[in-house]
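Undergrad: Quick one, structure for this:
(chains A and B)
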Amino acid sequence: MSDIDKATVAKIARLSRIKIEEDRLEGLAGELSNIMGWIEQLNEVDTDNITPMASPVDTKLRWRADEVSDGDKRDAVLINAPQGEYGFFAVPKVIE
Amino acid sequence: MTDLTKLKIAEARDALAKGDLTSLELTEAHIKAVEASSPLNAFIVKTPEIALKNAKAADERIKAGNATAMTGIPVAIKDLFATKGVRTTACSHILDGFVPEYESTVTQNLWDDGAVMLGKLNMDEFAMGSSNETSHYGPVKNPWRAKGSAKGSNADFVPGGSSGGSVTSVAAFTAMGATASDTGGSIRQPAAFTGTFGIKPTYGRCSRYGMVAFASSLDQAGVVTRSVRDGAIMLESVCGFDAKDSTSAQMDVPNFEAALTGDIRGMKIGIPKEYHLDGMPKEIEALWDKGIAWVKDAGAEIIDISLPHTKYALPAYYIIAPAEASSNLARYDGVRYGLRSAPMGASLEDMYEATRAAGFGEEVQRRIMIGTYVLSAGYYDAYYLKAQKVRQLISNDFKTAYQKCDVILTPTAPSAAFAMGEKSDDPLAMYLNDVFTVPASLAGLPGASVPAGLSSDGLPLGLQILGQPWDEANVLKTCGVIEAAAGDLGAPAIWWE
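TA: So this is what the prediction gives:
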């Protein structure tokens, strides 16, 4: 299960939206296989009937009144955009 | 006047209150020290103008008689904390030029208390690393150098990570305290490597609002200082409930400094047998034994405990943390902030992929890919769910142990600081640095590293104290006793000026 081949690396890279050049796939396959192989030791642990732990604190999420508490900050939101135009985020063309 | 940088926060506070010292004098001395410390590469943004403005305001406030313990104290901020109007990148290329329009709650708490901001500190990229070598701004050098070792006395050592800039700024007398953050040991391990005191409180004590997210169920802010008392003072300032963080604890923050009574008579201190690792250096074992003897001499009771799932903490962490990171870091898309790489004629998808390839460093890419893999269809149950169950077992181990003891005493790290480059090509060797710190991070427990001795090479070593949830007070109290017993460990010789 832990053996990650070049095709799997390419698939993960695609899912991660990170462009990985062909010449890096082999090396990454080795590194990731190595790490996942080490992680396999978790299979030694009996986890039957154990509830997965998602948060270290048993706090219930708080409720608050459903009202606007912040906003009207268009320019502040856009100020760090690599390309902000006419009050919008600009991206490469997506429709022909 | 350079001696002003040697003052501890508690001493400076008292001198400021008496009028023997002004924040302006204190701040000017620190600005000079920061300037001279460039070879260490701890500061990636220096803010002397802000510092001077803060200092003048602090002096006014002290005169007006409404100062807090942190008023007028020069501190530095890990680049993980968003600071309004001051570049914040978490030392990643992908956040190039990001200047936040808002302030993190942790730093806001410091400014509300009148602290002085010296600048932003280097760190591993997105806090992913244990040596501060993954930073886009280059590595930080440990101010400590080995004495007469085979490596040569001028060899550079890592300061640990990810809070490498935080511990270095404090150890090198350029800041009186620094903010830091801990996901798997990023405060405690570097504190041990630099002879500083570092504490992470219980998950939920510090607001995560405005902290650049790595693994949200683990990330917790904390502080680094040159004494336990200073740590108590600064920690109290940064903690507190915040409605802007959904996991922030709605509880009062105690007076942490008041916990430092030095009296641990009758306290039960647990020693986990699983923390004796095969092949651990003898001097680490010896330091641990010394720590046990010190707390026993101070009247504490030593209790042997077992944390049976300890060895599974690291592999569970290296599923959970990358899984959360792969989700958190999905926001870096080249659209809203930071770097954009769009080759000629690139589609939106091409732009995403090119931006993330150019913007993330190797270790960050590796962790995003591991996280994506363990969350992907067909593997979710086998890896992610399995790790969450093991996390529960690790948390249960601590709950069981705490029925028998009040705090737990262990070494902080399995070695002293290592040489630069020594482990940077071997991710697994690097991960093993956090073997003693990760379990408490998974369980959300408070933990601290206190300087306790020097290695045979003359490099600092630390002992770790772990506490029960919300019981930072007993962690601090026990650390205070160890600090007093360890005595003066000296300071690094200033070679960088």
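
Undergrad: can you give me the strands for chain A?
TA: Ranges of strands in chain A, per DSSP state E, are A:84-85, A:88-89.

Undergrad: The last one - which strands sit beside it in the sheet, and in what orientation?
TA: Sheet pairing of strand A:88-89 (DSSP bridges) gives strand A:84-85 (antiparallel).

Undergrad: The residue in chain B that chain A sits nearest to: neighbour count?
TA: Using Cβ to the nearest Cβ, B:Gly444 is the residue of chain B that sits closest to chain A, at 2.5 Å. C-betas here are computed from N, CA, C, even on glycine. Counted by other Cβ atoms under 10 Å in any protein chain shown, the residues lying close to B:Gly444 total 25.

Undergrad: List the contacts of B:Phe52.
TA: Residue B:52: Leu, not Phe. B:Leu24, B:Thr27, B:Glu28, B:Ile31 (Cβ atoms under 8 Å, 6 or more residues apart in numbering or on different chains).

Undergrad: Which of the strands of chain A comes out lowest on mean pLDDT?
TA: If you rank the strands of chain A by mean pLDDT, strand A:84-85 sits at the bottom with a mean of 92.

Undergrad: In JSON lines: the contacts of B:Leu52, plus distance to B:Tyr332, secondary structure and neighbour count.
TA: Output for these, formatted as JSON lines (distance: Cβ to Cβ, whole Å; DSSP: H, G, I helix; E, B strand; the rest coil; neighbours: other Cβ atoms under 10 Å in any protein chain shown):
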{"residue": "B:Leu24", "distance to B:Tyr332": "40", "secondary structure": "helix", "neighbour count": "17"}
{"residue": "B:Thr27", "distance to B:Tyr332": "35", "secondary structure": "helix", "neighbour count": "26"}
{"residue": "B:Glu28", "distance to B:Tyr332": "38", "secondary structure": "helix", "neighbour count": "18"}
{"residue": "B:Ile31", "distance to B:Tyr332": "33", "secondary structure": "helix", "neighbour count": "22"}
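
Undergrad: Could you list the alpha-carbon positions for the helix or strand B:Ala15 falls within in CSV?
TA: For B:Ala15, the host element (DSSP states H and E) is helix B:9-18. Provided in CSV are the C-alpha atoms of helix B:9-18 (Å, rounded to 0.1, in the frame of the first residue of the first chain):
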residue,chain,number,x,y,z
ILE,B,9,11.7,41.3,31.4
ALA,B,10,11.0,41.1,35.1
GLU,B,11,14.1,43.3,35.9
ALA,B,12,13.3,45.8,33.2
ARG,B,13,9.7,46.0,34.3
ASP,B,14,10.8,46.8,37.9
ALA,B,15,13.4,49.4,36.7
LEU,B,16,10.8,51.0,34.4
ALA,B,17,8.3,51.2,37.2
LYS,B,18,10.9,52.8,39.5
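
Undergrad: Can you give me the buried ones in it?
TA: Within helix B:9-18, the residues that qualify as buried are B:Ile9, B:Ala10, B:Ala12, B:Arg13, B:Ala15, B:Leu16, counting by 16 or more other Cβ atoms under 10 Å in any protein chain shown.

Undergrad: With distance to chain A as new columns, can those be given to me in CSV?
TA: Output for the buried residues of helix B:9-18, formatted as CSV (distance: Cβ to the nearest Cβ, whole Å):
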residue, distance to chain A
B:Ile9, 29
B:Ala10, 31
B:Ala12, 34
B:Arg13, 32
B:Ala15, 39
B:Leu16, 36
